[in-house]
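*Asks:* Return a 3D structure for these sequence lines:
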Amino acid sequence: MIGMTRGLALCVLLASVGVPTTAQAQKNAVEIPLRLHDGRLLVPVVAADGTEYEFALSTVNASTILTASTAAKIGSQAVTVDGLAVHMDGFATIPDAQLGADGMIASNTLFDYDVLIDVAGARLVLKPFGREVAWEGITLSEPVRLQVLHGVIFMLSVELNDQSYQATIDLGTQNTLVSSPAGTALGITGAGTATLGIGTVNRSAFPVKVQDLDVFSRFDPTGKGFVMLGAPLALDCVISLSWIHREMRTCVR
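*Replies:* Residues are numbered from 1 along each chain as shown. As a prediction, the model looks like this:
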């Protein structure tokens, strides 16, 4: 995971006079084609030899992930997404069958930008962070404050059917997952829907799936219930995420 030193250095940079203005950051924003396939958010990337691949987005993994076959093809080549470097240092390799894509772009690449995920508009926008988060021509909610653990993992409080839970955001997960205690409280044993509240925005009939992951116990030691907000969070709602500003904004319903 990205160390706390890097996060601290970026916070110092943000406070300095060298941080771009919002207008400057907007000018340097890059729009990348985004498509949805089998519940995954995919973007095109290019290796140094010109070979094109499709990588899924992940907002919880610390390092780029490659399938075994992709790793064998790419080797030590540089990889870019619309000309922007994909950080390949310390990438992880997984079996091909575990991922319906060639790889995953992780937080160590997205961390450097304010990120706009617009599935309906078929675009991922990466904008150098400025003094505030703003997107031209888009109205979004007031910012929801996020904790950022280890410089990578987003944590926030959400409500499901008016009950409060701790949550993380992983748009690389195909479903929004709730742990068994939360599922019991919601009256859901497999898959179902609930009203999701994030900040001042409520989303009715939001799809959730009950599943226990080992990592949940770290975030929910009391066993009250935990939520992992997956790709459905962004499927019909524009999402803005910023590691440096520690905030999320969503479409207004």
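*Asks:* Please report the distance of Ser69 from Leu229.
*Replies:* 30 Å (CB to CB, to the nearest Å). C-beta: built from backbone N, CA, C; applies to glycine.
*Asks:* Same drill for these two, tell me which one is more crowded.
*Replies:* More crowded of Ser69 and Leu229, by other CB atoms under 10 Å: Leu229, with 28 against 12.
*Asks:* For the more buried one, name its beta-bridge partners.
*Replies:* Beta-bridge partners of Leu229, counted by DSSP bridges, are Ile169.
*Asks:* pLDDT score for it?
*Replies:* On pLDDT, Leu229 comes in at 97.
*Asks:* So it is in contact with Ser157, correct?
*Replies:* No - Leu229 is beyond contact range of Ser157, at 11.7 Å (criterion: CB atoms under 8 Å).
*Asks:* Tell me the buried residues in the host helix or strand of Ala167?
*Replies:* Assigned by DSSP states H and E, Ala167 falls within strand 163-169. For strand 163-169, the neighbour count (16 or more other CB atoms under 10 Å) marks Tyr165, Gln166, Ala167, Thr168, Ile169 as buried.
*Asks:* Also stretch 100-113?
*Replies:* Those would be 101-113, for stretch 100-113 by 16+ other CB under 10 Å.
*Asks:* the helices in this structure, which residues?
*Replies:* 4-15, 22-27, 68-74, 107-110, 180-186, 216-219, 232-235 (DSSP state H).
*Asks:* which stretch in those is the model least sure about?
*Replies:* When I compare those, helix 4-15 is least confident, with a mean of 47.
*Asks:* Can you report how many residues neighbour Gly90?
*Replies:* Count around Gly90 with other CB under 10 Å applied: 9.
*Asks:* Wait, it touches Ser63, no?
*Replies:* Yes - counting by CB under 8 Å, Ser63 is a contact partner of Gly90 at 5.1 Å.
*Asks:* Okay, strands next: where are they in the stretch 1-150 of the chain?
*Replies:* 30-33, 35-37, 40-47, 52-57, 65-67, 79-81, 84-86, 92-94, 103-105, 113-118, 123-128, 144-145, 147-149 (DSSP state E, counting those that start in this stretch).
*Asks:* Please identify the deepest-packed of those strands.
*Replies:* Across these, averaging neighbours per residue (mean count of other CB atoms under 10 Å) puts strand 103-105 on top, at a mean of 26.
*Asks:* ok, residues contacting that strand?
*Replies:* 43, 45, 53, 55-58, 61, 64-67, 70, 81, 86, 91, 172 (CB atoms under 8 Å, 6 or more residues apart in numbering).
*Asks:* do you know how far Ala68 is from Thr93?
*Replies:* With CB to CB as the criterion, Ala68 and Thr93 are 6 Å apart.
*Asks:* Over to the residue nearest to the spatial centre of the chain: give its phi and psi.
*Replies:* Nearest to the geometric centre of the chain sits Thr59, at 2.9 Å (CA atoms, centre = their mean). Dihedral pair for Thr59: phi -110, psi 20, per degrees, to the nearest 10.
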